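Asker: kindly generate the corresponding structure for this input.
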Amino acid sequence: MSRVIRTRHKALLGRISAAYGIKGWVKVFSYTDPLDGILKYSPWILKRQGTESQVEVKALRKHGKGIVTSISKIENRDEAEALIGSEIWGELPNLDEKDFYWFQLQGLMVLNTAGDVLGKVANIMETGANDVLVIEPTCASTDKKSRLIPYVEEFIEEVSLRRGHILVNWLTSY
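Answerer: Residues are numbered from 1 along each chain as shown. Predicted structure coming up:
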């Protein structure tokens, strides 16, 4: 069964929220799960007020409920304060051919094995047990029903990015 990854090729990983101490460390608000997972993405691309810069993380540690980090070439508090508000972006790894990022599935047409058009993937929900495709009807749909289809091997027959569809084992009467 393929895995669904919940991000994009370049993903917003967090933001710099404050300076920390006098040696150039910054507080980071991480959007990753777990919080320190942000360190897996290196180098970081900092975006602020229309400019981008690539930086290397020297050190990162948990601090209370957040994270503090030291960035190469940031040596004092003034330099750290200049980074406040910067978004932290990172490049995501290439996936195996049967793995997909959520954004790749959004907008795909969903067909069942009987050939009925169920709609398009409008969103994906994380439920804890498994991800769930949120299917909204289109003008080409067999009916006008919204559907929630679990993203599990039992129901997902095929995902074809090239053809722009997901084939599901899901009856229109469900």
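
Asker: show me where this structure has its helices.
Answerer: 77-81, 102-105 (DSSP state H).

Asker: contact partners for the residue lying farthest from the centre of the chain?
Answerer: The outermost residue of the chain relative to its centre, with distances by CA atoms, centre = their mean, is residue 22 at 33.3 Å. The contact partners of residue 22, taken as CB atoms under 8 Å, 6 or more residues apart in numbering, are 76, 77. Every residue, glycine included, has its C-beta placed from N, CA and C.

Asker: what does the model give it for pLDDT?
Answerer: Per-residue confidence (pLDDT) for residue 22: 96.

Asker: what pairs with residue 70 across the strands?
Answerer: residue 59 (DSSP bridges).

Asker: that one touches residue 58, doesn't it?
Answerer: Yes: counting by CB atoms under 8 Å, residue 70 does reach residue 58; the two are 4.3 Å apart.

Asker: can you say which of the helices of the chain is packed in most?
Answerer: helix 102-105 (a mean of 17; mean count of other CB atoms under 10 Å).

Asker: measure stretch 80-97 end to end?
Answerer: 41 Å (CA to CA, to the nearest Å).

Asker: sketch out the low-pLDDT regions of this structure for me.
Answerer: Along the chain, segments meeting pLDDT under 70 span 1-8.

Asker: can you list the domain ranges for it.
Answerer: 6-91, 100-168 (automatic domain parsing).

Asker: can you count the residues close to the closest residue in space to residue 113 that isn't next to it in sequence?
Answerer: Leaving aside its chain neighbours, residue 113 sits nearest to residue 169 (5.5 Å; criterion: CB to CB, 6 or more residues apart in numbering). Residue 169 is flanked by 13 other residues according to other CB atoms under 10 Å.
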